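K.L.:
build me a model:
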Amino acid sequence: MTVQGLGLPMTVAAPSTDGLPTHIRIHEVGARDGLQNEQTTVPTEVKAEFVHRLAEAGLTTIEATSFVHPKWVPQLADAEDLFPLLGDLPAAIALPVLVPNERGLDRALALGARRVAVFASATESFAKANLNRTVDEALAMFDPVVTRAKDDGVHVRGYLSMCFGDPWEGPVPIPQVVRVCRALLDLGCDELSLGDTIGVATPGHVQALLTALNEAGVPTSALGVHFHDTYGQALANTLAALRHGVTTVDASAGGLGGCPYAKSATGNLATEDLVWMLRGLGIDTGVDLGRLTATSVWMARQLGRPSPSRTVRALSHQE
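P.N.:
Numbering: from 1, shown residues only. Model (predicted):
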């Protein structure tokens with residue numbers, strides 16, 4: 001088997017084993033989380049083309065942008081200009097956007113957004129750095145946002161950062177993470193994304209957290225995972241989550257991204273690396289790896305540097 005467009009050998013998919021899911025949903029974050037930390041402004045038209053290329057590669061959930069104040073994330077200051085450029089995408093393509101507060105929600109709803117996300121922290125230090133609030137103050141801020149969104153029939157995702165470790169506080173106690181996850185669900189979030197923001201998680205820690213969440217009444221079906229690859233553990237951690245039954249995995253095309261408020265955060269799990277592993281396990285993603293790799297090569301050229309994804313480098317170097 002070859003990778004379409006690259007003429008390269010592909011892994012041969014084996015039947016799914018060990019109770020792994022047969023299909024997962026990739027929540028693609030490259031256009032938002034991937035680009036938000038770029039120092040050089042990426043033109044709006046390039047961002048729009050990036051999202052279109054990702055959709056053409058078979059990704060069906062593509063996080064488009066963030067309606068935060070431009071002062072905090074200048075790279076995403078063009079949200080009002082970008083979102084309308086995506087209106088020609090098929091209705092089956094979900095385009096979630098981040099909203100930090102009611103003002104952000106107003107801006108998103110005015111443009112027709114039907115999927116939004118709020119972003120909380122499991123630790124006080126990161127809540128202060130990212131939102132200038134305590135954890136509980138941030139939850140209080142999200143309460144009317146989630147309520148209004150749900151009243152309007154909008155799907156709400158709750159991001160939770162620092163679920164495994166924090167650069168200021170160190171290892172994060174599992175009960176602390178469970179408390180905030182439970183609070184987000186109680187607000188009305190439809191799903192949660194567990195963030196390993198600085199990439200310190202290990203498979204055993206992932207399994208322990210997921211088990212504790214289940215014991216607290218948080219169903220696995222409501223959980224997604226969001227791993228960074230600081231210690232090279234992102235794929236191993238993802239596999240641990242899949243074995244637990246998680247079927248939503250966040251990833252970033254080309255491995256773009258970090259976190260502007262946590263300097264030790266390296267890139268996200270690369271979507272290509274994830275797809276390569278999943279194909280070898282016989283897990284369906286609906287993603288054309290050749291098209292996706294070509295998209296990341298194209299985006300790397302726009303940014304003026306090589307893609308950090310090992311799979312992108314391996315495939316594109318052998319064209």
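K.L.:
just give me the longest helix of the protein.
P.N.:
In the chain, taking DSSP state H as the definition, the longest helix is helix 135-151.
K.L.:
could you pull out the buried residues of that helix?
P.N.:
V135, A138, L139, M141, F142, V145, V146, R148, A149 (16 or more other Cβ atoms under 10 Å). C-beta: built from backbone N, CA, C; applies to glycine.
K.L.:
from E191, how far out is the last one?
P.N.:
Same thing as A149. 13 Å (Cβ to Cβ, to the nearest Å).
K.L.:
and what of the fifth one?
P.N.:
Distance, F142 to E191, using Cβ to Cβ: 14 Å.
K.L.:
A294: what secondary structure?
P.N.:
helix (DSSP: H, G, I helix; E, B strand; the rest coil).
K.L.:
what's the span of stretch 33-41, first residue to last?
P.N.:
14 Å (Cα to Cα, to the nearest Å).
K.L.:
what's next to it, contact-wise?
P.N.:
Outside stretch 33-41, the residues that touch it by Cβ atoms under 8 Å, 6 or more residues apart in numbering are 42, 47, 50, 63, 66, 73-76, 250, 252-254, 256-260, 268, 303-304.
K.L.:
give the contact list for the closest residue to S296 other than its chain neighbours.
P.N.:
Nearest in space to S296, with sequence neighbours left out and distances taken as Cβ to Cβ, 6 or more residues apart in numbering, is G254 at 3.4 Å. By Cβ under 8 Å, 6+ apart, the contact list for G254 reads 30, 34, 270-272, 295-296, 299-300, 307-309, 312.
K.L.:
which pLDDT value goes with G254?
P.N.:
The predicted structure scores G254 at 95 on the pLDDT scale.
K.L.:
helix, strand, or coil at it?
P.N.:
G254 ends up helix, using three-state DSSP.
K.L.:
how many residues are close by the spatially closest residue to V145 that is not a sequence neighbour?
P.N.:
Using Cβ to Cβ, 6+ apart and skipping residues adjacent in sequence, the residue nearest V145 is L105, 5.1 Å away. Neighbour count of L105, defined by other Cβ atoms under 10 Å: 25.
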